[in-house]
Structure formats: C-alpha cells, structure tokens
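[1] After the sequence you'll find the predicted model.
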Amino acid sequence: MTIARTYAVANQKGGVAKTTTVASLASALSELGKRVLVVDLDPQACLTFSLGLDPDSLDLSIHDVLLGRVSARMVVVSTAEGPDLLPATIELAGCEAMLLTKTGREYVLRHALDEVRDRYDVILIDCGPTLGVLTLNALTAADDVIVPLQCETLSHRGVGQLLDTVHDVQRLTNPQLHVLGVLPTLYDGRTNHTRAVLADVALRYGLDVLDPPIPRSIRFAEAPAIGHSIMRTARRTPGAVAYRLLAGRLVGAPDDPEAVAFLAAHAGHRQIDLTEPARDRA
Ligand code: ADP
Ligand code: MG
C-alpha cells in the first residue's frame, strides 16, 4: 500500500501559475500511471473550473469537508483529465472565518486527507492567493511546498513572507514540511532580467530552483476555458513538455530524452546554472 506524497503549491501572489501548475502536473502524473488527487483550496475555484466542472452545479465541496459535515471520500469527483478532484465553490470564502473559531483549525485538511491518502500516489493542493488559514491548512497537510515564481522585479518580497509562514508551520503544526523549491513559471530565459531575479531569489533564501523552468506560452491562457489543461490541448508545446518532464522528476521516473532535447532546442530555453556568478548571468 502506498501513502500519497502531498505537495502544496503556494505563493500568496496571484497570477504566478499555481493553478496551472497543479492542473498540468496532475495531468502529467496521471499519464505516468500515478493515482492523483488535486485539492482546490481557492474560493475562486479556478482549478475546479479548469478541470471541466461547474462549481455552481456542485452539491458538495471542500467547504463541507472543512466544516466537518462530510468526509473527503464523499466529495471527491473524478475528472475527464485523469486526476480525482476535491472541488471548491465560492462558499469556501466563508470557510476562513468559520475555521478561525475552531480549535485545531490548522489541522482540518490534514485529517480530512488522512482518510484518502492510501488511495493515491500523489496529492497536489492548489492554494489561493493568501497566507490565511486555508493556506496554513495546506502547509500543515503537505510533505513538500512548491513555490511557483514569476521572475520579475520584487518577486522576492512575497517569497520572504511565504517562507516566514512556512517556518511558523514547521515550528508549530508540521515539523516535516519541506520546501522543494521555487518553480520558475511564465519563464523567458532569453532575458537577463528574468535570470537575474531568479538567481537573486535562490541565493537570498537558499532555495533550490526546480528544473525545467516552465516557459511562457500563450497556449496556457486558452486551455482552462475548454475545461482541459494544456497537457491535453497543446501536448507538444514547450510548456506542456516542461511540466511533463518535471512531473516525471517528482516521482523519480527517468527523463524522456526526446523531451529534454525538445526543450533544449526551444528558443529561449536556457539551462539555469546557479554556479555561474550572477554578474555573468545578468
Ligand atoms: P495563480 O493560480 O497563481 O493565480 P494561474 O495558474 O491562474 O495563476 O495563472 C495565471 C494566468 O497565467 C492564467 O491566465 C494562466 O492561463 C496564465 N499562465 C499560466 N502559466 C502560463 C505560461 N507558462 N505561459 C503563459 N501563460 C500562463
Ligand atoms: Mg489559482
């Protein structure tokens, strides 16, 4: 029996590709034959939408689980994309306030997921753009944190706050929590600025940089509208190939040499070598 490894995808900044990362990695891991559960922990329910479900039509959602009304098993739905989903609705917005009055409020998701962990190989939690009690629940339930980062000026400021929160969680509710690293998203390796920001964040906070970075691609914007991730709608784009390679690396699968060659050939992709001095990179 396997017990799922649980990843929280978190960054309190919006628009850094948290939801895209969760949907794409989940789809790629399903393709690899892994049993995957994704958890939508954002009241905006973008992940739920992007996997083809209409939040307004759902009778039960993660909200009911967090309030202790039903078990996670009763709320999990399967998706056409492959992974199972614990869906969100806008009701989740009210959950934050209700959880605040509860004892053990940071542990609610962890306990709910304990019930289903033996059914999956990987659980991915999509956090909303806050460091509130929902994100604390995600970090308390997770083994690892992945921090998607759009490499632009001042990106590092949010990372410091997030890491402070992670350290609090490590001290108080989840000593096992591990920061896997930052994942460069919307990445344009051709610009010196992007690479300099990334190197700065990695060195400043002592964080690993996950590889490959996810290239910026217009196809990502189109996918959620069709209810499928880019993994289905644009399989051979650099973004999809990068997520597939990353998914394989997460579960220790050997690299697909074709994917590596494809990314290397893609204009703008450049291996990140953090051993180079920053001034050479910039
Ligand atoms: P978050 O969940 O962090 O708020 P999203 O995953 O919703 O971020 O992504 C924000 C926007 O950026 C969406 O419109 C999404 O389609 C787009 N996007 C995500 N990844 C990429 C990419 N690699 N290239 C281009 N657009 C992207
Ligand atoms: Mg999101």
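    Done, it's in. Ligands and ions are numbered 1, 2, ... in the order given.
[2] Residue numbers of the chain in contact with ligand 1?
    Proximity of the chain to ligand 1 is confined to 14-20, 46, 129, 185-186, 214, 216-217, 220-221, 239 under the rule C-beta under 6 Å from any ligand atom. The C-beta positions use only the backbone N, C-alpha and C, and glycine is treated the same way.
[3] give me the residue from the stretch 51-200 of the chain nearest ligand 2.
    Scanning the stretch 51-200 of the chain for the residue nearest ligand 2 gives Asp126, at 6.0 Å (criterion: C-beta to the ion).
[4] partner residues bridging that residue?
    On the basis of DSSP bridges, Asp126 is bridged to Val9, Asp40.
[5] Pull the contacting residues for it.
    By C-beta atoms under 8 Å, 6 or more residues apart in numbering, the contact list for Asp126 reads 9, 18-19, 22-23, 38-42, 46-47.
[6] Can you give me the distance of it to Thr79?
    For Asp126, the distance to Thr79 (C-beta to C-beta, to the nearest Å) stands at 13 Å.
[7] where exactly do the strands run in the stretch 151-282 of the chain?
    178-185 (DSSP state E, counting those that start in this stretch).
[8] Residue of it nearest ligand 1, please.
    Proximity of the stretch 151-282 of the chain to ligand 1 (C-beta to the nearest ligand atom) peaks at Phe220, 3.5 Å away.
[9] Run a quick neighbour tally on that residue.
    Neighbours of Phe220 under the rule other C-beta atoms under 10 Å: 24.
[10] That one touches Tyr243, doesn't it?
    No: Phe220 is beyond contact range of Tyr243, at 10.0 Å (criterion: C-beta atoms under 8 Å).
[11] Please tell me the pLDDT value assigned to Pro224.
    Confidence at Pro224, expressed as pLDDT, is 61.
[12] what's the closest non-adjacent residue to Ala80?
    In space, Ala80 comes closest to Gly52 once its chain neighbours are excluded; the distance is 5.6 Å by C-beta to C-beta, 6 or more residues apart in numbering.
[13] which ones are touching Val201?
    149, 151, 155-156, 159, 182, 207.
[14] ok, 10 Å please
    Contacts for Val201 (C-beta atoms under 10 Å, 6 or more residues apart in numbering) come out as 147, 149, 151, 155-160, 182, 184, 207, 209.
[15] PyMOL command to pick out the buried ones of those residues?
    The buried residues among those can be selected in PyMOL (16 or more other C-beta atoms under 10 Å) with this line:
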select buried, resi 147+149+151+155+156+158+159+182+184+207+209
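[16] What about the contacts of Val201, which are in helices?
    Judged by DSSP state H, the contacts of Val201 include 155-160 as members of helices.
[17] from these, which is closest to Val197?
    Closest approach to Val197 among the ones in helices among the contacts of Val201 (C-beta to C-beta): Ser155, at 5.6 Å.
[18] Any stretches of the chain with poor pLDDT?
    For the chain, the stretches with pLDDT under 70 are 222-230, 233, 267-282.
[19] now the helices for it?
    For the chain, helices defined by DSSP H occupy the ranges 18-31, 46-50, 62-66, 72-75, 92-100, 108-114, 133-141, 155-172, 192-205, 219-222, 230-233, 238-250, 257-265, 278-281.
[20] Out of these, which is the most enclosed?
    helix 18-31 (a mean of 26; mean count of other C-beta atoms under 10 Å).
[21] distance between that one and the chain's centre?
    8 Å (C-alpha atoms, centre = their mean, to the nearest Å).
[22] just stretch 97-105 next, same as before
    Using C-alpha atoms, centre = their mean, the offset of stretch 97-105 from its chain centre is 25 Å.
[23] measure it end to end?
    11 Å (C-alpha to C-alpha, to the nearest Å).
[24] ok and the residue in this protein nearest ligand 2?
    For the chain, C-beta to the ion, closest residue to ligand 2: Thr19, 3.3 Å.
[25] State the distance from that residue to Ile62.
    14 Å.
[26] Likewise for Arg5?
    Distance from Arg5 to Ile62, by C-beta to C-beta: 20 Å.
[27] and the closest residue to Lys102 other than its chain neighbours, what is it in contact with?
    Nearest residue to Lys102 in three dimensions, chain neighbours excluded: Val108, at 7.3 Å (C-beta to C-beta, 6+ apart). For Val108, the contacting residues are 65-68, 95, 99, 102, 133-134, 136-137, 140-141, by C-beta under 10 Å, 6+ apart.
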